[in-house]
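Visitor: build me a model:
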Amino acid sequence: MEGLSELRALAYRSNLLGADRRIANWGGGNTSSKLEETDHTGRSMRVLRVKGSGTDLATIEPVGFSGLRLDELLVLEGRDAMADADMVDHLLRSGVDPGQPRPSIETLLHAFVPASHVDHTHPDAVIALTCAPGGRRLAEEAFGDEAEWVDWVRPGFALSKLIAERVRGRPSVRFVMLEKHGLVTWGDSGEESYRRTLEAVERSHAALAEHGSRRPFGASCARALDLNGRRELLVQAMPVLRGALSRERHHVLQLDTSDEVLEFLAGEDSRRLSQVGAACPDHLVNTKSNPLWVDWSGEEGEELVGALRRGEEEYERWYRDYYERHLDDETRPFAIDPPGPRVTLMPGLGMITSGTNATKADVTSQLYHRAIEVIRLAAAVSDFTSLSQAEAFAVEYWPLERYKLTLARPPRELDGRVALVTGAASGIGRACAEALVAAGAHVALADRNAEGAEETAAAIAAHEGDRRALALAMDVTDEAAVERAFAETVLAWGGVDIVVSSAGLASAASIEETTAAVWDRNFDVLGRGYFTVAREAVKIMRRQGIGGSIVFVGSKNALAAGKGAAAYSAAKAAELHLARCIAEEVGADGIRVNTVNPDAVVQGSGIFSSEWRRDRAAGYGIDPSQLEEHYRKRTTLGVSIQPEDVAQAVLLLASDRLAKSTGNILNVDGGIAAAYPR
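Guide: Purely as a prediction, here's the structure:
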């Protein structure tokens, strides 16, 4: 860290700690440095720079650290007690920059420990040691008088003062081990504090290894199903779970079938261990205190679905009771979270985590991996213990933890929704996919042009992050390919809410020159293909039980006769009536089916880059370069139609803004009198 500014050195040290999730959980832990700075008047002052609330050690930058006037914090050491609200108010008033992040809820811990640099982390090995019955004795053997053990106290003023009292004036103490919580280290330099953290982790691992002779999860009593068997069962089960979890607000799922997870699920003692409680208080807001363990024999899909439904219902009853039993004056202002599980464990199959977007589902998955490791290390020594339910609730609904939730980006219209778009590699399909993602959806990009779908997915990932788009090679005329595409979408996110059928082709020829092959090809893609996609979508939407929206991208030609394009126009007319038929059939399930009719979308179109442009221009007696202008002039509004114009109409029909609209037609054609619906 030599050569870095003091604040940048703090960020660098934090990033090193956060880079190893075995040491620092996602979003958890906090670091600090006490620095000499100059205030806005030019006067020197002592400043505590501490991690801002809601940031992550792995990615925090200098701007993510709050600055507080240290002298104004140290005056609190003389107090015997301090309410959380008063503490937060004092911290905010002590800030040096009005625009800075809110300081960590453990800021006073960093202020009171008499060292220039302080780190608080949640290493797996340390938590396992402090969660194992007899762990205190093992810690005393491993660390002697170099470590202080502090029994569980919820973070805040009392814990900060207690830690400071335990270390002040005791040069032999180099570590503080917090029961069922984590580790505190410090040093005269950032490097010293960092190296102490690594030393504590290594010594804790050594102590656990020396005494860890037990099989942590017990004998293996369940085997993982083969890959194909797992896929088939999960495709049946995941929409059921997703539907149950999305009754109040849509969630996406993340599936984990790693060896680590499957090993844990196979243990005869794992069910009991999973229900003990959270491995670390920092996990609670993301994982809840307990996961759902699904009891099933490991054979039949319908049995799994039934067990999943029963388990989820029982979990909701338990969570509502947990919430009601532990409410007090401090927690009463906070409404109950959606009562379903955040983590679902299915022996032989894997782990499913949920969140209102893929990032949150992934964070929950990461945190439960850490829980499995803590359980493994602790149970190998003796057993695994955790916070009581009352203690867990007091953290989960703690006002200072609830504040962190307010730091999240405001929800977008389609957060938690999953969409599948056909023809998504270019033109209207790509514009629809991009519009849906911008509104918060996760989108499967299905197209015969696999390379183009991959390019679109990469472009989305560049500005929305990973797991927001999935490229799928799919020909809508291939039933098996359509089934595979929907299965991959289910395995990626748990189900599907929105399907946009935009795959297309075009042909132009007089009736005498239209071959049977051309006729069949139009109906294969625009009739049979749209039917097949809608059929698979309805299967999943019905299994979810939370409704859905199917949008067909039709054409002006579905309503207005297309001279010299009989096959295309007839197929589009069939597509339009198919949408209305399906709408009538699935309306009782809350599934809406609507059609957007564009006309002459030339920009970015795969169709207009083919012979279609030349043929249509010839039919109008104009040069191909004049085609766009010809189309513009024939509209009532005198406008050209772009892919984004169609995408906005699709977004409108896909969203809840038209939640009571089905079987409808929305023209996006600039006004073609012959195509006015009537």
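
Visitor: any regions of the chain where pLDDT drops low?
Guide: The chain contains residues with pLDDT under 70 at 1-4, 298-299, 602-613, 615-616, 618-619, 678.

Visitor: just the helices in the stretch 1-150 of the chain please.
Guide: Per DSSP state H, counting those that start in this stretch, the stretch 1-150 of the chain carries helices over the ranges 6-18, 70-74, 84-93, 107-112, 124-131, 135-143.

Visitor: just the CA atoms of the longest one, as PDB, please.
Guide: So that's helix 6-18. Written as PDB, here are the backbone C-alpha positions of helix 6-18 (Å, rounded to 0.1, in the frame of the first residue of the first chain):
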ATOM      1  CA  GLU A   6      -4.300   7.300   3.200                       C
ATOM      2  CA  LEU A   7      -7.900   7.100   2.000                       C
ATOM      3  CA  ARG A   8      -7.100   5.100  -1.100                       C
ATOM      4  CA  ALA A   9      -5.000   2.800   1.000                       C
ATOM      5  CA  LEU A  10      -8.100   2.200   3.200                       C
ATOM      6  CA  ALA A  11     -10.100   1.300   0.100                       C
ATOM      7  CA  TYR A  12      -7.300  -1.000  -1.100                       C
ATOM      8  CA  ARG A  13      -7.200  -2.800   2.200                       C
ATOM      9  CA  SER A  14     -11.000  -3.100   2.200                       C
ATOM     10  CA  ASN A  15     -11.000  -4.500  -1.300                       C
ATOM     11  CA  LEU A  16      -8.400  -7.100  -0.400                       C
ATOM     12  CA  LEU A  17     -10.600  -8.300   2.500                       C
ATOM     13  CA  GLY A  18     -13.700  -8.300   0.500                       C
END
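
Visitor: against which helices or strands is that helix packed?
Guide: Under the contact definition 3 or more Cβ pairs under 8 Å, 6 or more residues apart in numbering; DSSP states H and E, helix 6-18 sits against strand 30-38, strand 44-51, strand 65-69, strand 117-121, helix 190-211. Using the backbone N, CA and C atoms, a C-beta is placed for each residue, glycine as well.

Visitor: alpha carbons only: can I get the first one in CSV?
Guide: Right, the one you point to is strand 30-38. The C-alpha trace of strand 30-38 is given here as CSV (Å, rounded to 0.1, in the frame of the first residue of the first chain):
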residue,chain,number,x,y,z
ASN,A,30,-16.6,-2.6,8.0
THR,A,31,-13.1,-1.0,8.0
SER,A,32,-11.7,2.3,9.1
SER,A,33,-8.7,4.6,9.5
LYS,A,34,-8.2,7.6,11.8
LEU,A,35,-6.7,10.4,9.7
GLU,A,36,-5.6,14.0,9.9
GLU,A,37,-7.6,16.2,7.5
THR,A,38,-8.3,19.8,6.8
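
Visitor: partners of it, with directions?
Guide: Take DSSP bridges as the rule and strand 30-38 pairs in its sheet with strand 44-51 (antiparallel), strand 117-121 (antiparallel).

Visitor: list the buried residues for that strand?
Guide: Of all the residues in strand 30-38, those buried under the rule 16 or more other Cβ atoms under 10 Å are Asn30, Thr31, Ser32, Ser33, Lys34, Leu35.

Visitor: now for the closest residue in space to Leu349 that isn't next to it in sequence, how many residues are close by?
Guide: Spatially, and ignoring its direct neighbours in sequence, Leu349 is nearest to Arg230 (5.6 Å; Cβ to Cβ, 6 or more residues apart in numbering). Around Arg230 there are 19 other residues, counting by other Cβ atoms under 10 Å.
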